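Visitor: please find the sequence and the predicted model below.
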Amino acid sequence: MTGPMTVPLIRPAQAADYDAIAAVVDDWWGRPILAGLPRLFLDHFHRTSLVAESAAGLRGFLVGILSPSEPDEAYIHFVGVHPGTRSQGLARTLYERFFALAKEHDRRVVRAITSPVNEASIAFHRRMGFTVGGPVAGYNGPGRDLVTFARDL
């Protein structure tokens, strides 16, 4: 039996966090996914992104954006939680912190997307109060249908 779980510290991301995140995402997802998270997201949106760490290292992260084109909206692009830390409320806490950040910047809606086969993500977003739409045919180009999420703040 292992000892008590160390509660991760959540902090604003830094551009330099990219390498640690890039090193684990494919493992955490169990498939190649890194192409969906290019370095530019932490280079340009680290102030609106979050990292969760404990003595054991990186436990989770959220890459979020305050839309520069839609002044009432924010967008969660990518969220990951270490497999050994799942089902402990970390993803919920990361989302809630991002919701608070978005509200501080007068955003009224948070949006996100996922693949129609990602049933765990769809269920999680429903539990977090998101409205689920789609799948939207061709959302990311031909044959790239995606489920959309929206949550009023």
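Guide: That came through, no problem. Nothing here was measured: the structure is a model prediction, and the numbers come from that model. Numbering: from 1, shown residues only.

Visitor: could you use CA atoms for every contact and neighbour count after this?
Guide: Noted.

Visitor: can you map out the strands along the protein?
Guide: Along the chain, counting by DSSP state E, strands occupy 9-12, 50-54, 57-66, 73-81, 109-114, 131-136, 146-152.

Visitor: let me have these in a markdown table, adding mean neighbour count and distance to Asp43 as columns.
Guide: What follows is the strands of the chain, written out as a markdown table (neighbours: other CA atoms under 10 Å; distance: least, CA to CA, whole Å):
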| stretch | mean neighbour count | distance to Asp43 |
| --- | --- | --- |
| strand 9-12 | 14 | 13 |
| strand 50-54 | 20 | 13 |
| strand 57-66 | 22 | 11 |
| strand 73-81 | 21 | 14 |
| strand 109-114 | 20 | 20 |
| strand 131-136 | 15 | 29 |
| strand 146-152 | 19 | 25 |
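
Visitor: CSV for the ones you listed, including mean pLDDT and distance to Ala20?
Guide: Formatted as CSV, the strands of the chain follow (pLDDT from 0 to 100; distance: least, CA to CA, whole Å):
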stretch, mean pLDDT, distance to Ala20
strand 9-12, 96, 15
strand 50-54, 96, 10
strand 57-66, 97, 8
strand 73-81, 96, 12
strand 109-114, 97, 23
strand 131-136, 94, 31
strand 146-152, 97, 28
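
Visitor: using CSV, lay out the ones you listed together with distance to Leu40.
Guide: CSV is the format used below for the strands of the chain (distance: least, CA to CA, whole Å):
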stretch, distance to Leu40
strand 9-12, 16
strand 50-54, 15
strand 57-66, 11
strand 73-81, 12
strand 109-114, 18
strand 131-136, 26
strand 146-152, 22
